[in-house]
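Peer 1: coords below, sequence missing:
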């Protein structure tokens, strides 16, 4: 018993897809700014990044509302229903990614006055990979492309390995020179935040696979080669 | 156009509430076991806790399915619609809490052979508080009790403070005695995991407030005193 016309319904679904992409673009940009503020020791940029999290939060509430409105007014079924419930969950992941970018910017503020423990090589690489995973997972959502989503799931391993490697490296810095401990710890938190961003992107990709294939690859010990 | 009778519908809603509570009970128990395995240096219990995450994951998939089925077959409106969309999101938080308990158990396995850096006093306290927050947030969900949910949000501050305090304490251990670094780091990860469990409980509580009051207290700089 849809009380709006089909045209309104289609427009609202389109708006939902566009809003999820907008949210995605925003948090990708937040990751980028946060890591740039760290590397360039630019605490103005870091502070601006923290403040900008409000925009992410506003969009988060809007998307939730849009999903509930769509469900209430149009009672979508089948594929559309999966799209809306998936958008609802993706939105939560994107909001957390925004929080994690904020956490990185907060560490950047703390680290800005100090000489870096080591040149920043791995962190920008991890950040770029994490950002790309977020982007691809959302492309996969909008295009309903399960294969692209599977690529994202496979990238998660690379970022986990980079994190483990950096962890061991920073640990040896700390052991050799205890004066580096508090700086190294902060870098470790940044690395952990990037690893978690990649986890959220992987969550999104898994949901896209479930949405398009009706098949859960979450919680498998090994990823399938094809879908 | 519900294709089942109202009675089936009511039963399915009831089943959804019960499943969310079951999932909640399970992850609370996982937190408890993980921290016990750490304190008692019981790596058998730690391994059993890691394995038991499969049960959490199975229930996670079941609850998602139940929500989508409810939406598809019964097209709930108003309060019921909010209940189902909230359950969908709560479920994701509970699953992550399960993952975090598993992470704690993994650290417990690594730490079991070593002499503890310090007596475990704060961590069990934090774990108990985090577990209680999870329990209360789900009680609030099932009873649709916004005041109880607000209590949960207020507790988050306590756990953040405990984490910060432990962080500083462990940092000074590391600086004074670099031999403790790798053990202290692992404890720090446990503390961080507990802090994140509390964040997830807070998320759940915020969603309950939104579900019952139609009012978002997420993203406010200060919590309201009453609702």
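Peer 2: Now that the structure is in, tell me what you want to look at. Given the structure is predicted, the values throughout are model-derived calculations rather than measurements. Residues are numbered from 1 along each chain as shown, chains lettered A, B, ... in the order given.
Peer 1: Next one: residue A:67 relative to chain B, how far apart?
Peer 2: Residue A:67 sits 7 Å away from chain B, going by C-beta to the nearest C-beta, to the nearest Å. Where you see a C-beta, it was placed from the backbone N, CA and C, and this is true even at glycine.
Peer 1: OK, contacts around that residue?
Peer 2: A:16, A:84, A:85, A:87, A:88, A:91, B:85 (C-beta atoms under 8 Å, 6 or more residues apart in numbering or on different chains).
Peer 1: Just the closest of those residues to residue A:41, please.
Peer 2: residue A:91 (33.0 Å; C-beta to C-beta).
Peer 1: ok, back up a step: so which of the contacts of residue A:67 comes closest to residue B:226?
Peer 2: residue B:85 (25.4 Å).
Peer 1: how deep is the closest one tucked in, by neighbour count?
Peer 2: 24 (other C-beta atoms under 10 Å in any protein chain shown).
Peer 1: one step back: put the buried members of the contacts of residue A:67 into a ChimeraX selection.
Peer 2: Burial among these is assessed by 16 or more other C-beta atoms under 10 Å in any protein chain shown; the matching ChimeraX selection reads:
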select /A:16,84,85,87,88,91 /B:85
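Peer 1: Taking the contacts of residue A:67 together, which two end up most distant?
Peer 2: Spatial extent of the contacts of residue A:67 (C-beta to C-beta) is set by the pair A:16 and B:85 at 13.7 Å.
Peer 1: State the next helix or strand along the chain beyond the helix or strand that contains residue A:103.
Peer 2: Using DSSP states H and E, the element containing residue A:103 is helix A:78-111. Next helix or strand after helix A:78-111 toward the C-terminus (DSSP H and E): helix A:122-143.
Peer 1: helices or strands up against the very next helix or strand once past that next one?
Peer 2: Next along the chain after helix A:122-143, taking DSSP H and E as the criterion, comes helix A:146-176. Counting contacts by 3 or more C-beta pairs under 8 Å, 6 or more residues apart in numbering or on different chains; DSSP states H and E, helix A:146-176 packs against helix A:122-143, helix A:181-213, helix B:181-213.
Peer 1: burial measure for residue A:164, as a count.
Peer 2: Residue A:164, neighbours per other C-beta under 10 Å, totals 12.
Peer 1: which stretches of chain A aren't confidently modelled?
Peer 2: A:1-5 (pLDDT under 70).
Peer 1: Would you mind listing what in it touches chain B?
Peer 2: Contacts of chain A with chain B, taken as C-beta under 8 Å from any C-beta of the partner chain, map to A:1, A:54, A:57-58, A:60-61, A:67-68, A:71-72, A:75, A:77-78, A:81-82, A:85, A:88-89, A:92, A:171, A:174-175, A:178, A:181-182, A:185, A:188, A:216, A:218-219.
Peer 1: One more pass at 7 Å, please.
Peer 2: Contact residues (C-beta under 7 Å from any C-beta of the partner chain) of chain A with chain B: A:1, A:57, A:61, A:68, A:71-72, A:75, A:77, A:81, A:85, A:88-89, A:92, A:171, A:174-175, A:178, A:181-182, A:185, A:216, A:219.
Peer 1: picking up where we left off before, in a markdown table: the helices and strands packed on helix A:146-176, plus distance to residue A:11.
Peer 2: Shown next, in a markdown table, are the helices and strands packed on helix A:146-176 (distance: least, C-beta to C-beta, whole Å):
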| stretch | distance to residue A:11 |
| --- | --- |
| helix A:122-143 | 16 |
| helix A:181-213 | 21 |
| helix B:181-213 | 25 |
